[in-house]
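A.B. asks: Provided below for reference: sequence and predicted model.
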Amino acid sequence: MKSALNNLGMGAAGTLSLIIVFIIWEVLCRVLHVRDIMLPLPSQIFVELWADLPWYLSHSLYTLWTTLAGFVLSVVGGVLIAIGLVGSRLFERFLYPLIIGFNSVPKVALAPLFVVWLGTGAEPKIAIAFLIAVFAIIVDTVHGLRSVPADVTDLGRVLRGSAWDFFFKVKLPCALPSMVAGMKVAMSLALVGAIVGEFVSSQRGLGYIIMSAQGTFDTVRVFAALFILAVMGLALYGLLAWLEKKATPWRQVHSD
Amino acid sequence: MSVAAVQARNASKQYPGARGVQALSGITTEIPAGRFVSILGPSGCGKSTFLRCVAGLENITGGELLVNGSEVQGPPDGVGMVFQRDALLEWRNIRKNILLPVEFAKKRPQDYTDKVNHLLDLVGLSDFGHSYPRELSGGMRQRAAICRALVDDPSLLLMDEPFGALDAFTRDQMNFELQRIWMETKNTVLFVTHGISEAVYLGDVVMVFSPRPGRLMETITIDLPRPRPLSVRETPEFGRYTAHIRSLFEEMGLIKEGA
């Protein structure tokens, strides 16, 4: 029995734990007669999800799209800014303090402003997702680009290659693991940004479901949306972990 | 007689600032092409600094330093370098690591297939061309780094304590192999080390540096026939060289015996 448990993969073991948590939750709620409005039963949540599946899916896709759009923009923008920061002393001296300062402003607090500036469509959600996620990309990419070992830099100089070659063949691959770590953080932050955007003003998305359902004390619906959010966050993270494996084959081999 | 591979006239280096260290002082030497030169000294004696100046990675602040007859201003042409840690790129397989200098020189890697095969064969890595560096042991990695330094036939090979991070057995093996490789390639080698025995075993010439400021104490010609077997280190001739060098370090006060 013990060895069978040890042989379970991370995914299978995690699923098993989750099922056990749901069972305990269900039993406790029934035994203690917890009211639905406080904490619904897991079984109620699944029934609710199943009954309105297409409706939930369409709202989920909307949130997924704004999250991914914000994430992709943050990767593109963040990497470019990081390259500028590492490449130019002047750029760094003037821009880095600004970026650090701006980062200390809670971006969530800016969400209402974006509605004023960009309206109530997808744009303000994407903008907030971008803004929350981009700092993780900048910080980790800068860190990665600076992590080139001194002797590798020396090697590049002795070989007298072009700055272009050195950047693309040495610096960028060197930074890649750190960049991917930043992307994993940025992905969950982008999801936070998208939801916050929907909280502030929206007629669509999981954030909208949560806001409108809590207005009518429909806690089951809130939990159904939360459940989807959890699954979505996990799937996006898994996708990045998979991409990381594909992009860094040299890290999958092991010395003996 | 052609120009010397490396020539230094009263070369010195002072790091900037009020407390800037004098790293090199009055180095004068002439290294003919094709020579294997060991640069020996304790840590902090400026031997690595000298090598880095020859590589154009750092500048001397006084005197003259010429490589192949022209003053060093930035890394000179035709230099291969091997570092203490191999500086292999983890994301490239061994073959692609070895080809990096070719790519950087904007030459066609396809033209170097035979050359890479030959080098891999020379260092016993023929089966590892498609392996990633992390699949190799420390000694194998350093062999690959040597191949990378040699791939574009450098006239000058600079080695900065290349075997310093290896265990004693691997180090012996690498010394023997380096001699074999060098006897085939015959390029000029500057080999920085702090091992007396290693310096004597490998060098045609041993340049002994003293610390703070880095000064060239003595240049000793090692007159032992090649190929030198590892057992040459147990011969009396070899012992005389190492004893002499040890006495130099004793004079400097770097080695003290007894109380």
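C.D. replies: Perfect, I can see it now.
A.B. asks: model confidence over stretch A:25-38, on average?
C.D. replies: Mean pLDDT, stretch A:25-38: 89.
A.B. asks: Identify the residues contacting that stretch?
C.D. replies: Judged by C-beta atoms under 8 Å, 6 or more residues apart in numbering or on different chains, the contacts made with stretch A:25-38 from elsewhere in the structure are A:39-44, A:217, A:219-220. To be clear about C-beta, it is placed using only N, CA and C from the backbone, and glycine gets the same treatment.
A.B. asks: mind redoing it with 10 Å?
C.D. replies: By C-beta atoms under 10 Å, 6 or more residues apart in numbering or on different chains, the residues outside stretch A:25-38 that reach it are A:39-45, A:217-220, A:223.
A.B. asks: can you list those in TSV and add secondary structure, neighbour count and distance to chain B?
C.D. replies: Below are the contacts of stretch A:25-38 laid out as TSV (DSSP: H, G, I helix; E, B strand; the rest coil; neighbours: other C-beta atoms under 10 Å in any protein chain shown; distance: C-beta to the nearest C-beta, whole Å):
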residue	secondary structure	neighbour count	distance to chain B
A:Leu39	coil	15	49
A:Pro40	coil	22	49
A:Leu41	coil	19	50
A:Pro42	helix	18	45
A:Ser43	helix	13	49
A:Gln44	helix	16	50
A:Ile45	helix	21	45
A:Phe217	coil	11	55
A:Asp218	coil	18	51
A:Thr219	helix	18	50
A:Val220	helix	18	49
A:Phe223	helix	21	44
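A.B. asks: could those residues go into JSON lines alongside distance to B:Ala55?
C.D. replies: Rendered in JSON lines, the data for those read as follows (distance: C-beta to C-beta, whole Å):
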{"residue": "A:Leu39", "distance to B:Ala55": "69"}
{"residue": "A:Pro40", "distance to B:Ala55": "70"}
{"residue": "A:Leu41", "distance to B:Ala55": "72"}
{"residue": "A:Pro42", "distance to B:Ala55": "67"}
{"residue": "A:Ser43", "distance to B:Ala55": "72"}
{"residue": "A:Gln44", "distance to B:Ala55": "72"}
{"residue": "A:Ile45", "distance to B:Ala55": "67"}
{"residue": "A:Phe217", "distance to B:Ala55": "74"}
{"residue": "A:Asp218", "distance to B:Ala55": "72"}
{"residue": "A:Thr219", "distance to B:Ala55": "70"}
{"residue": "A:Val220", "distance to B:Ala55": "71"}
{"residue": "A:Phe223", "distance to B:Ala55": "65"}
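A.B. asks: Quick check: what element follows the host helix or strand of B:Gly80 along the chain?
C.D. replies: Using DSSP states H and E, B:Gly80 sits in strand B:79-82. Next helix or strand after strand B:79-82 toward the C-terminus (DSSP H and E): helix B:94-98.
A.B. asks: For that following helix, which helices and strands make contact with it?
C.D. replies: Taking 3 or more C-beta pairs under 10 Å, 6 or more residues apart in numbering or on different chains; DSSP states H and E as the contact definition, the neighbouring helices and strands of helix B:94-98 are helix B:113-122, helix B:138-150.
A.B. asks: Closest to B:Arg171 out of the contacts of stretch A:25-38?
C.D. replies: When these are ranked by distance to B:Arg171 (C-beta to C-beta), A:Pro42 comes first, at 63.5 Å.
A.B. asks: Apart from its chain neighbours, what residue comes closest to the closest one?
C.D. replies: Here the nearest residue to A:Pro42 in space, its sequence neighbours aside, is A:Phe22; by C-beta to C-beta, 6 or more residues apart in numbering or on different chains that works out to 4.4 Å.
A.B. asks: between the contacts of stretch A:25-38, which is closest to A:Phe167?
C.D. replies: Using C-beta to C-beta as the measure, the one of the contacts of stretch A:25-38 that approaches A:Phe167 most closely is A:Phe223, at 48.5 Å.
A.B. asks: I'd like the distance between the residue in chain B that chain A sits nearest to and B:Leu248.
C.D. replies: Nearest to chain A, among the residues of chain B, is B:Phe104, at 3.2 Å (C-beta to the nearest C-beta). Here the criterion is C-beta to C-beta, to the nearest Å. By it, B:Phe104 lies 40 Å from B:Leu248.
A.B. asks: any idea where the strands of the chain begin and end?
C.D. replies: Looking at chain A here, since you left the chain open. Taking DSSP state E to define them, one finds no strands in chain A.
A.B. asks: Oops, wrong one, chain B.
C.D. replies: Listed in chain order, the strands of chain B (DSSP E) span residues B:6-14, B:22-31, B:36-40, B:62-67, B:70-71, B:79-82, B:156-160, B:188-193, B:205-210, B:215-221.
A.B. asks: Helix or strand with the lowest mean pLDDT in chain A?
C.D. replies: Of all the helices and strands that make up chain A, helix A:2-6 has the lowest average by mean pLDDT, DSSP states H and E, namely a mean of 67.
A.B. asks: What pLDDT does the model give B:Met207?
C.D. replies: Per-residue confidence (pLDDT) for B:Met207: 96.
A.B. asks: For it, list the residues it contacts.
C.D. replies: Applying C-beta under 10 Å, 6+ apart as the definition, the contact partners of B:Met207 turn out to be B:27, B:29, B:31, B:37-41, B:47, B:50, B:190, B:192, B:199, B:216-220.
A.B. asks: Any idea what it is bridged to?
C.D. replies: Beta-bridge partners for B:Met207, by DSSP bridges, are B:Ile39, B:Thr219.
A.B. asks: ok, it to B:Gln7 distance?
C.D. replies: Applying C-beta to C-beta to B:Met207 and B:Gln7 gives a distance of 13 Å.
A.B. asks: Ok, A:Gly144 next?
C.D. replies: 42 Å.
A.B. asks: who has more neighbours, these two?
C.D. replies: A:Gly144 (24 against 19; other C-beta atoms under 10 Å in any protein chain shown).
A.B. asks: Next, count neighbours for the closest residue to B:Tyr15 other than its chain neighbours.
C.D. replies: In space, not counting the residues next to it along the chain, B:Tyr15 is nearest to B:Val21; the distance is 5.0 Å by C-beta to C-beta, 6+ apart. Other residues lying near B:Val21 total 15 when counted by other C-beta under 10 Å.
A.B. asks: go on, the one 3 residues further on?
C.D. replies: Other residues near B:Leu24 number 28, with proximity taken as other C-beta under 10 Å.
A.B. asks: Check what pLDDT it gets.
C.D. replies: Looking at B:Leu24, the pLDDT reads 89.
A.B. asks: hey, what's it bridged with?
C.D. replies: Bridge pairing for B:Leu24 (DSSP bridges) gives the partners B:Lys13, B:Gly214.
A.B. asks: just B:Thr188 next, same as before
C.D. replies: B:Leu156.
A.B. asks: Leaving out the residues flanking it, which one is nearest to the closest residue to chain B within chain A?
C.D. replies: Distances between chain A and chain B by C-beta to the nearest C-beta are smallest at A:Gly161, namely 3.2 Å. Distances taken as C-beta to C-beta, 6+ apart place B:Phe104 nearest to A:Gly161, at 3.2 Å, with adjacent residues excluded.
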